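Enquirer: Please work out how this folds:
(one chain, ligands or ions: 1)
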Amino acid sequence: MSTISELTSLQNTLNSAIDVFKAELAAQNFPEPSLNTSQTHPMDEPTFLPSPRLYVARKAVLASLGLIKLLVASPYDIILSQTWSSLEVASMRLVAEMEVPGILASAPNPEKGLTVDEISRETGVNAVKLEGILRLLLTQGWFRESQPGYFANSRLTNLVKKGSKTYFLPTYMNNLIHRVSVSLPEMINHDDPEFRHSTDPAKTAFQLQYKTDLPFLGVNSWLSKNPGDAYGFGQSMGGIGLTSDPGILADFPWEAILQGKDAIIDVGGGQGTLCCSLAAKFPNVKATFIVQDLPGTRDVAEKFIQSQGQTH
Ligand SMILES: C[S@@+](CC[C@H](N)C(=O)[O-])C[C@H]1O[C@@H](n2cnc3c(N)ncnc32)[C@H](O)[C@@H]1O
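Expert: Sure, this is the predicted structure:
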């Protein structure tokens, strides 16, 4: 029996997965995605539902690439990039809050973009410091250098533009997770053994970081007392739901599930994206869709449901 090496096996998996990926794109008359454009690809639409072959091929490409990286990269490079990775997260929040993607999209030629000096004039921040931030994000695909010294949006940056459905992920949620992660080690390895072993939602990294006794979620909670955070959290949930709804809609026998039901309740339904998608896909269903969530998320959910032409 002949055996092949780990690297060869992964290389073969990667090659055949890329072939399937390309064939599926061709079957749908989609162009191949490009690193040299600011335009979105048809696959980037939140409502895009990949064919099962495309879905699996994409997962196989990414999984094999990840494992190949572990075999090929220097362990020193891996630990260095891991050590600095929180700077990428913070840089992303910065450019999203300063609306750099919107500024680049409004450039006279958005595919060419702007120089750092031009972006610095628009944002009022120091050009030398800004260039370091943009170059860090560039290495991760968040911007493009369309020609030496010119920064333009990449396909990815469309998700970071103000007004995009995912805008609250690189801003509100980014900040929340970043801050909580700072206190995560202290939560797990707390000096007080009682805190260490507690499963109380008021004894987590959130309370340590935000210096509060309130649980994050709940009736008497941080979110119920901080409407700005409740808004940011609610909007972020909408960004998360968008990505899972097309699959959930396609993968369950909804017609049979909905038949003869008085009501369908989405427990922890966030903005109500799933219920709205279901109501739009099955307009003749008699069942009432109920979005059950915490009181703090109500305003955002009501606005979203209204914006989808549904009544609440
Ligand atoms: C990860 S989010 C998912 C939201 C939504 N299902 C989606 O996919 O967009 C979890 C949701 O559960 C809600 N939640 C947490 N604890 C809850 C509770 N005790 N009762 C009702 N909802 C709760 C949160 O407010 C949040 O909207």
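
Enquirer: what secondary structure does the nearest residue to residue 215 once chain neighbours are set aside sit in?
Expert: Excluding its sequence neighbours, the residue lying closest to residue 215 (C-beta to C-beta, 6 or more residues apart in numbering) is residue 201, at 4.2 Å. Heads up, the C-betas are built off the backbone N, CA and C, glycines and all. Secondary structure of residue 201, reduced to three states by DSSP: H, G, I helix; E, B strand; the rest coil: coil.

Enquirer: Phi first, then psi, for the closest residue to the ligand within the chain.
Expert: Here the chain gets closest to the ligand at one residue, residue 241, 2.5 Å apart by C-beta to the nearest ligand atom. With angles defined as degrees, to the nearest 10, residue 241 sits at phi -60, psi -40.

Enquirer: got it, and the one 5 residues further on?
Expert: Dihedral angles of residue 246 (phi, psi; degrees, to the nearest 10) stand at phi -60, psi -40.

Enquirer: Once you drop chain neighbours, what's closest to it?
Expert: residue 49 (4.4 Å).

Enquirer: thought the residue of the chain closest to the ligand was touching residue 276?
Expert: No. Using C-beta atoms under 8 Å, residue 241 makes no contact with residue 276, being 9.4 Å away.

Enquirer: Send me stretch 38-49 as PDB with only the CA atoms.
Expert: The C-alpha trace of stretch 38-49 is given here as PDB (Å, rounded to 0.1, in the frame of the first residue of the first chain):
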ATOM      1  CA  SER A  38     -13.600  47.400  -5.300                       C
ATOM      2  CA  GLN A  39     -16.700  45.900  -6.700                       C
ATOM      3  CA  THR A  40     -18.700  43.300  -4.800                       C
ATOM      4  CA  HIS A  41     -19.000  39.800  -6.300                       C
ATOM      5  CA  PRO A  42     -22.500  38.200  -6.800                       C
ATOM      6  CA  MET A  43     -21.600  35.800  -4.000                       C
ATOM      7  CA  ASP A  44     -21.300  38.700  -1.600                       C
ATOM      8  CA  GLU A  45     -25.000  39.400  -1.600                       C
ATOM      9  CA  PRO A  46     -26.300  38.600   1.900                       C
ATOM     10  CA  THR A  47     -29.200  36.700   0.200                       C
ATOM     11  CA  PHE A  48     -26.800  34.500  -1.900                       C
ATOM     12  CA  LEU A  49     -27.400  30.800  -1.400                       C
END
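
Enquirer: Run the chain-centre distance for that stretch.
Expert: In terms of C-alpha atoms, centre = their mean, to the nearest Å, the centre of stretch 38-49 is found 14 Å from the chain centre.

Enquirer: Going along the chain, name the strands of this structure.
Expert: Counting by DSSP state E, one finds strands in the chain at the ranges 114-115, 143-147, 150-153, 263-267, 288-292.

Enquirer: Give the pairing partners of the fourth one; include direction for each.
Expert: In the sheet containing strand 263-267, the strands it pairs with under DSSP bridges are strand 288-292 (parallel).

Enquirer: burial count for residue 82?
Expert: Residue 82 is flanked by 9 other residues according to other C-beta atoms under 10 Å.

Enquirer: Which parts of this protein are helices?
Expert: 6-27, 52-72, 75-97, 100-105, 116-123, 127-139, 174-188, 193-197, 205-210, 222-225, 227-251, 254-258, 273-281, 298-307 (DSSP state H).

Enquirer: Of those, flag the one that's most buried.
Expert: Burial of the helices of the chain is given as mean neighbour count (mean count of other C-beta atoms under 10 Å); helix 100-105 ranks first at a mean of 22.

Enquirer: who does that one touch, helix- and strand-wise?
Expert: helix 116-123, strand 150-153 (3 or more C-beta pairs under 8 Å, 6 or more residues apart in numbering; DSSP states H and E).

Enquirer: Convert the C-alpha atoms of the first one to CSV, please.
Expert: In this case it means helix 116-123. Taking C-alpha atoms only, helix 116-123 is exported to CSV below (Å, rounded to 0.1, in the frame of the first residue of the first chain):
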residue,chain,number,x,y,z
VAL,A,116,-2.8,58.7,2.2
ASP,A,117,-2.4,62.5,2.2
GLU,A,118,-5.9,62.9,0.6
ILE,A,119,-7.4,60.4,3.1
SER,A,120,-5.6,62.2,5.9
ARG,A,121,-7.1,65.6,4.8
GLU,A,122,-10.6,64.1,4.8
THR,A,123,-10.3,62.4,8.2
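
Enquirer: Show me what the mean pLDDT comes to for it.
Expert: Helix 116-123 carries an average pLDDT of 98.

Enquirer: any chance of the helices of the chain in a markdown table, plus distance to residue 151?
Expert: Below are those laid out as a markdown table (distance: least, C-beta to C-beta, whole Å):
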| stretch | distance to residue 151 |
| --- | --- |
| helix 6-27 | 28 |
| helix 52-72 | 26 |
| helix 75-97 | 10 |
| helix 100-105 | 7 |
| helix 116-123 | 7 |
| helix 127-139 | 5 |
| helix 174-188 | 20 |
| helix 193-197 | 46 |
| helix 205-210 | 33 |
| helix 222-225 | 36 |
| helix 227-251 | 25 |
| helix 254-258 | 44 |
| helix 273-281 | 33 |
| helix 298-307 | 33 |
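
Enquirer: I'm done for today, thanks for sticking with me.
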